[in-house]
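>>> with the sequence up front, the predicted model follows.
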Amino acid sequence: MLTGRLAVSRLPGRADVPSWAWGPGLVSVTRRGDELSVVCAEGRVPPQTKAERGFRALEVVGPIPFEVVGVLRALTVPLGEAGISLFAIATYDTDLVLVRESELTQAVEALRGAGHVVEGA
C-alpha cells in the first residue's frame, strides 16, 4: 500500500499538464480525447479543480510480465463482491488499485479473504 491520500482530477483534453501534478509520490497523467486525467497527491490539487479526492493506492508487487493474465481480475472481483468501487492504473511494471480511504479497511479485508497478501495495512 502506498502512503498518502490521492485525488483523481479531470481537466479539459487540450489543457497542459498542470505544474501542481508533479511532485513526490504517485503521479499518473492520461489524455484521451476531451479529457486529461491527473492522479497525484491530494494536497497538490487546487480546491477549484474538478476532482475526486480521498483515495488510497494498493500496489501489486511487480514487475508483472506482460504475459501474465488475470491480475486485475483477481483484485477487482473480490472488491466488486464487497461493493467497493475502484480506480485502476497500470504502469509498465505493475498495477495499482485506488479505493476510497473510507473503504480501505473493507478493501483490505476483501483482498485478504480472497487469499491476497496486503502489506502496510
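Cool, the structure landed. Numbers count the residues shown, from 1 in each chain.

>>> pLDDT at Ser79, what is it?
Actually, residue 79 is Leu. It isn't Ser. Among the per-residue scores, Leu79 shows a pLDDT of 98.

>>> okay, it and Ala110: tell me how far apart.
Relative to Ala110, Leu79 is positioned 6 Å away (CB to CB, to the nearest Å). For the C-beta atoms, the positions are set from N, CA and C on the backbone; glycine is no exception.

>>> what do these two both touch?
With CB atoms under 8 Å, 6 or more residues apart in numbering applied, the contact sets of Leu79 and Ala110 do not overlap.

>>> so where is this structure shaky, pLDDT-wise?
The model of the chain has pLDDT under 70 over residues 121.

>>> that one: strands as residue ranges?
Using DSSP state E, the strands of the chain run over 6-12, 28-32, 35-41, 51-59, 87-90, 95-100.

>>> so what strands line up beside the second one?
Partners of strand 28-32 in the sheet, by DSSP bridges, are strand 35-41 (antiparallel).

>>> how about the last one?
On the basis of DSSP bridges, the sheet neighbours of strand 95-100 come out as strand 51-59 (antiparallel), strand 87-90 (antiparallel).

>>> any idea which of those is most buried?
Highest mean neighbour count among the strands paired with strand 95-100 (mean count of other CB atoms under 10 Å): strand 51-59, with a mean of 19.

>>> okay, the angle between that strand and strand 6-12?
130 degrees (axes from the mean of the first three to the mean of the last three CA atoms, to 10 degrees).

>>> so how far is strand 51-59 off the chain centroid?
Distance of strand 51-59 from the chain centroid (CA atoms, centre = their mean, to the nearest Å) equals 6 Å.

>>> could you export that strand as CSV, CA atoms only?
In CSV, the C-alpha atoms belonging to strand 51-59 read as follows (Å, rounded to 0.1, in the frame of the first residue of the first chain):
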residue,chain,number,x,y,z
ALA,A,51,-11.5,16.1,-8.7
GLU,A,52,-12.5,13.0,-6.7
ARG,A,53,-10.5,13.1,-3.5
GLY,A,54,-9.7,10.7,-0.7
PHE,A,55,-8.2,7.7,-2.5
ARG,A,56,-5.6,5.3,-1.2
ALA,A,57,-3.5,3.1,-3.5
LEU,A,58,-2.9,-0.6,-3.3
GLU,A,59,0.1,-1.7,-5.4
